[in-house]
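Novice: Quick one, structure for this:
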Amino acid sequence: MSTPPGPADSWQEVDTTPIKAVPVRHYGRWIAGVIIVFVAFIVIRSVVTNSALQWPVVGEYLFDGRIINGLRNTLLLTVLSMLIGIVGGVLLAVMRLSPNLLMSGAASIYIWLFRGTPLIAQLVIWNFLALAYPKIGLGIPFGPTFISWDTNTLINQFVASLLGLGLNEAAYMAEIVRGGLQSVDSGQLEASSALGMSRGKTLRRIILPQAMRVIIPPTGNETISMLKTTSLVVVIGYFELFVSAQTIYSQNYKTVPLLIVAATWYLFMTSVLTIVQLYIERYFARGTSRATAQRNKWGSRMLGYRFGRGGSGGGGGVQ
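Specialist: Take a look at the predicted model:
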């Protein structure tokens, strides 16, 4: 007994030919890239062939002992000032978010004071603190002093530079850390409280690790900024990289080459810090979509394609 024909018998044969996907052509990016390369070539050629820049003098002083000594002082100031700033910023941020009005108010006043006055003025104040307080001592308030120090001896140029840079940085880091802490969902705090964790343990184990994804990028930016901000200690006469270059060109009048030497070292150190920041960001971005995006190679951003393991297909049309 035959089966009557149904609607399925009238279907046409399905085309199984593979679809040929053609990536979208980004001609504007190619044109912009060519223009940028051409302009960069002109600028680099002009700088390299300009005899007024005195490149032999730059090479002569690039590793000069005075420059290296100033470089060492710059790095020391940057590291110690950022340590003071980060530790102080975390403490101030926690105080600022505290339900205790006195702690919150004290942190707010500190941030308001140090962010509201110029850094250069703070450096000068710390350097000349002895004019207001000739001696600094420990003792009972409004009572006897047990031990005291001469302020000029205690706060020399290095300590004044450290206090000015570090305490000022703490005010900015406090706002960065506070923003990172507030970016974590409040449900995390409630869940940790339900588990019986203390506020301190919750901060260390739950909140801070998640907030680091938000805190790290601006902290890296602040570190790079601090590296260059150390040049402001010239106002109190401390010897760092820019001061060392300034001292040399004030003697031999090779101003431009010595400024290039200082700029070269600043660029080198900034580049190293940028690479370190990139790896730290990748470490704390593990398991997120941002970590996958960071693995995309330059071609996916410049040309609109995705190469390697960063992804397949950069958006395209069907031909």
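Novice: Mind telling me what element F158 is part of?
Specialist: Take DSSP states H and E as the rule and F158 turns out to sit in helix 157-183.
Novice: quick one: contacts of the next helix or strand after that helix?
Specialist: The first helix or strand that comes after helix 157-183 along the chain, using DSSP H and E, is helix 186-194. Contact with helix 186-194 is made by 201-202, 205-207, 210, as judged by C-beta atoms under 8 Å, 6 or more residues apart in numbering. (C-beta placed from N, C-alpha, C; glycine too.)
Novice: same thing with stretch 107-127?
Specialist: The list of residues contacting stretch 107-127 from outside it, by C-beta under 8 Å, 6+ apart, reads 92-93, 95-96, 98, 155, 157, 159-161, 163-165, 167-168, 170-172, 174-175, 229, 232-233, 235-236.
Novice: could I get it in CSV with only the CA atoms?
Specialist: Presented in CSV, the C-alpha positions along stretch 107-127 are these (Å, rounded to 0.1, in the frame of the first residue of the first chain):
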residue,chain,number,x,y,z
ALA,A,107,40.0,61.1,56.9
SER,A,108,37.8,63.5,55.0
ILE,A,109,39.7,66.5,56.4
TYR,A,110,43.1,64.9,55.6
ILE,A,111,42.1,64.3,52.0
TRP,A,112,40.6,67.8,51.7
LEU,A,113,43.8,69.4,53.1
PHE,A,114,46.4,67.5,51.1
ARG,A,115,44.5,67.5,47.8
GLY,A,116,43.5,71.2,48.2
THR,A,117,47.1,72.6,48.5
PRO,A,118,49.8,72.5,45.9
LEU,A,119,52.4,69.8,46.3
ILE,A,120,55.2,72.2,45.8
ALA,A,121,53.9,74.3,48.7
GLN,A,122,53.8,71.1,50.9
LEU,A,123,57.4,70.3,50.0
VAL,A,124,58.6,73.8,51.1
ILE,A,125,56.6,73.6,54.3
TRP,A,126,58.1,70.3,55.3
ASN,A,127,61.6,71.5,54.4
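Novice: Would you mark the buried spots in it?
Specialist: 107, 110-111, 114, 119, 122-123, 126-127 (16 or more other C-beta atoms under 10 Å).
Novice: Please indicate which of the contacts of stretch 107-127 are buried?
Specialist: Under a neighbour-count criterion of 16+ other C-beta under 10 Å, the subset of these counted as buried comprises 92-93, 95-96, 155, 160-161, 163-165, 167-168, 170-172, 174-175, 229, 232-233, 236.
Novice: which secondary element of the protein has the worst mean pLDDT?
Specialist: strand 316-318 (a mean of 43; mean pLDDT, DSSP states H and E).
Novice: ok, R66 - how many residues close by?
Specialist: When counting by other C-beta atoms under 10 Å, one arrives at 15 neighbours for R66.
Novice: ok, it to E60 distance?
Specialist: R66 sits 12 Å away from E60, taking C-beta to C-beta, to the nearest Å as the criterion.
Novice: Same question for E169.
Specialist: With distances defined as C-beta to C-beta, the gap from E169 to E60 amounts to 35 Å.
Novice: Show the buried residues in the contacts of helix 186-194.
Specialist: 202, 206-207, 210.
Novice: Sort out which of those are in helices and list them.
Specialist: In helices, defined here by DSSP state H, the members of the buried ones among the contacts of helix 186-194 are 202, 210.
Novice: wait, which of the buried ones among the contacts of helix 186-194 is closest to I36?
Specialist: Lowest distance from I36 to the buried ones among the contacts of helix 186-194 (C-beta to C-beta) belongs to Q210, with 38.5 Å.
Novice: In this protein, where is pLDDT below threshold?
Specialist: By pLDDT under 70, the low-scoring segments of the chain are 1-15, 287-319.
Novice: Now do the helices in it.
Specialist: Shown for the chain, the helices assigned by DSSP H span residues 27-49, 55-61, 65-96, 101-116, 119-127, 151-154, 157-183, 186-194, 199-202, 208-229, 241-252, 255-284, 289-294, 298-302.
Novice: Quick one: those as a markdown table, columns for distance to F142 too.
Specialist: A markdown table is the format used below for these (distance: least, C-beta to C-beta, whole Å):
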| stretch | distance to F142 |
| --- | --- |
| helix 27-49 | 64 |
| helix 55-61 | 56 |
| helix 65-96 | 26 |
| helix 101-116 | 21 |
| helix 119-127 | 25 |
| helix 151-154 | 20 |
| helix 157-183 | 26 |
| helix 186-194 | 42 |
| helix 199-202 | 34 |
| helix 208-229 | 39 |
| helix 241-252 | 42 |
| helix 255-284 | 47 |
| helix 289-294 | 56 |
| helix 298-302 | 65 |
